[in-house]
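Peer 1: the following block contains a protein sequence and its predicted model.
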Amino acid sequence: METKEVAYTAAMELANTLKNIDQEEIDRLATGIKQAKRIFVSGAGRSLLMLKGLAMRLMHLGYDVYVVGEVTTPAFLPDDLLILASASGETTSLINTASKAREIGGEIISLTIFPESTLAKLSAGIIRIPAYTDKLPESGENQKGILPGGSMFEEAVLLLADSLIVELALEQKIPTDRAFEKHANLE
């Protein structure tokens, strides 16, 4: 199978995954972003990379946003929002981060495959991404796709995040080309 055909098949599988995300869960994230004083994001591995993309786009729109663990990240406070991404919802470092944020009193919203996971239980809200996972047997809902590993979860996080940015930019009447005025320029 050629790369182009694999990419097309993966895009169709991704569209099906995104179609099955609950809009009310997405709306809660949008509301949380709009109401938060500051936004913090964290994940592990590729999930973290996807949320770093969200953080950059939120910064372009004028939000105060930070990546947990970076040296310039300030203290998390009760008026802040923490967005986490973990397919399993059992990533130890993220559970520790969520536990600490919960003690402080800020809001936590997690993106995960498992709504009953430890991370989900620590969160005020979740976005369940119904992507394939090898942690469950294959079924009608859990069908292995063409891409390796947790790719479908991670790519759903990225596309969902970019789509949320479009919604926030339209609501704020910020043309996406104007948002890029804040893009890094020391590259």
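Peer 2: Received the coordinates, thanks.
Peer 1: please, where are all the strands along the protein?
Peer 2: Assigned by DSSP state E, the strands in the chain fall at 39-43, 65-67, 81-85, 107-112, 125-128.
Peer 1: do I have it right that residue 89 meets residue 111?
Peer 2: No: assessed by CB atoms under 8 Å, residue 89 is found out of contact with residue 111, at 9.3 Å. Backbone N, C-alpha and C define where each C-beta goes, glycine included.
Peer 1: those two - which one has more neighbours?
Peer 2: Neighbour count, other CB atoms under 10 Å: between residue 89 and residue 111, residue 111 has more, with 31 against 26.
Peer 1: which other helices and strands contact the helix or strand bottoming out on mean pLDDT in the chain?
Peer 2: One helix or strand of the chain scores below all others by mean pLDDT, DSSP states H and E: helix 176-179, with a mean of 69. On a contact count with 3 or more CB pairs under 8 Å, 6 or more residues apart in numbering; DSSP states H and E, helix 176-179 meets helix 151-171.
Peer 1: now residue 13: how far from residue 4?
Peer 2: As judged by CB to CB, to the nearest Å, residue 13 and residue 4 stand 15 Å apart.
Peer 1: so between the two, which is more surrounded?
Peer 2: More crowded of residue 13 and residue 4, by other CB under 10 Å: residue 13, with 21 against 8.
Peer 1: spit out the contact partners of that one.
Peer 2: Neighbouring residues of residue 13 by CB atoms under 8 Å, 6 or more residues apart in numbering: 145-147, 152.
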